[in-house]
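Undergrad: sequence plus predicted model, see below.
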Amino acid sequence: MTEADIEKGRKNAIISYITIFGTIIAYYLNNENKSAYATFHIRQALGLWLTFFALGYIVGNFNSWMITFGFYMFFGVLFFYGFVNAIGRKAQTVPLLGNLYQKLFSNLGS
């Protein structure tokens, strides 16, 4: 990714981490003006949001504040890591799951 591509897609990359609606909006904004940097972060954010909702449904069945707190802390750290990377112009995958998201959503934005 070139510096021009990063600058072109930086806004969409940042928007993608702000709720699932931000990810959808960033996806459509990126379709108009393609940026590999924005596509990278959209994949990361989409994967995080889908995993958050899928696991959140399961965690919601437990009646334990410790499990719920751990779940929110885990995803809070991952979202913060991705968001800081988007702001800092870095294309680094989120720990543990980022490479899976890049493979899983490889056809997204192509």
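TA: Perfect, thanks for sending it.
Undergrad: now the most centrally placed residue in the chain: which helix or strand?
TA: Centroid-nearest residue in the chain: Ala45, 1.3 Å away (criterion: CA atoms, centre = their mean). Using DSSP states H and E, Ala45 maps to helix 36-59.
Undergrad: what packs against that helix?
TA: helix 3-16, helix 19-32, helix 65-87, helix 98-104 (3 or more CB pairs under 8 Å, 6 or more residues apart in numbering; DSSP states H and E). Using the backbone N, CA and C atoms, a C-beta is placed for each residue, glycine as well.
Undergrad: ok, and the closest non-adjacent residue to the residue nearest to the centre of the chain?
TA: Ser16 (4.0 Å; CB to CB, 6 or more residues apart in numbering).
Undergrad: the one you found touches Thr39, doesn't it?
TA: No: using CB atoms under 8 Å, Ser16 is not in contact with Thr39; the gap is 9.6 Å.
Undergrad: the two: who's more crowded?
TA: Neighbour tally, Ser16 and Thr39, criterion other CB atoms under 10 Å: the higher count belongs to Ser16, 32 against 27.
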